[in-house]
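Colleague: Build me a model from this:
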Amino acid sequence: MLYITITGIVNLRLMIGIIAVFFALMGNYMQTLRPNYFFGIRSPWTLENDETWRKTHRFGGRLWMVGGIIGLVLSILVTNNNSLLGILFAIIVTVFVLLPFIYSYLEFRKIHKTNEN
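Modeller: Predicted coordinates:
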């Protein structure tokens, strides 16, 4: 943001690359998060069960790292800004949001069934 402010030049590929690196770093950090109501994958199932929280954040953290690395590589390889934004949006929706959310539900169900038996 400072670069854009100083130069007035918006380099979308550079910004997306930096955001992708940020996601990869956050994915690494997310695996160590303890249950809380402020940061992380906060689904009803992760907030209810500590084991679901831990497993979901380990899975989600790895996905975020891989998604961040893929985003960085794509920001280098893809030259069309519209295509790059579309791809980045698809990665964010599927890898960073949907897959961890679905995984948390499935993991909660599996743990819940084990506890019932």
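Colleague: show me where pLDDT drops low in the chain?
Modeller: Where the chain drops to pLDDT under 70, the residues are 117.
Colleague: Strands along that one, start to end?
Modeller: With DSSP state E, there are no strands along the chain.
Colleague: biggest helix in it by residues?
Modeller: helix 50-77 (DSSP state H).
Colleague: who does it touch, helix- and strand-wise?
Modeller: Applying 3 or more C-beta pairs under 8 Å, 6 or more residues apart in numbering; DSSP states H and E, one finds that helix 50-77 contacts helix 12-30, helix 44-48, helix 81-91, helix 99-116. The C-beta positions use only the backbone N, C-alpha and C, and glycine is treated the same way.
Colleague: Could you check the angle that helix makes with helix 12-30?
Modeller: 160 degrees (axes from the mean of the first three to the mean of the last three C-alpha atoms, to 10 degrees).
Colleague: how distant is helix 50-77 from the center of its chain?
Modeller: Here helix 50-77 is found 5 Å from its chain centre; the criterion is C-alpha atoms, centre = their mean, to the nearest Å.
Colleague: Count the residues that sit near Ile41.
Modeller: 23 (other C-beta atoms under 10 Å).
Colleague: If I follow the layout properly, it ends up in contact with Gly60?
Modeller: Yes. Between Ile41 and Gly60 there is a contact under C-beta atoms under 8 Å: 5.0 Å.
Colleague: any shared contact partners between the two?
Modeller: Met30, Pro100 (C-beta atoms under 8 Å, 6 or more residues apart in numbering).
Colleague: that older thread, let me know the angle separating the longest helix of the chain from helix 99-116.
Modeller: 160 degrees.
Colleague: OK, contacts around Trp45?
Modeller: Thr52, Thr56, Ser104, Tyr105, Glu107, Phe108.
Colleague: residues in contact with the closest residue to it other than its chain neighbours?
Modeller: Take Trp45 and drop its neighbours on the chain: the residue closest to it by C-beta to C-beta, 6 or more residues apart in numbering is Phe108, 3.5 Å away. By C-beta under 8 Å, 6+ apart, Phe108 lies in contact with Trp45, Thr46, Glu48, Asn49, Thr52.
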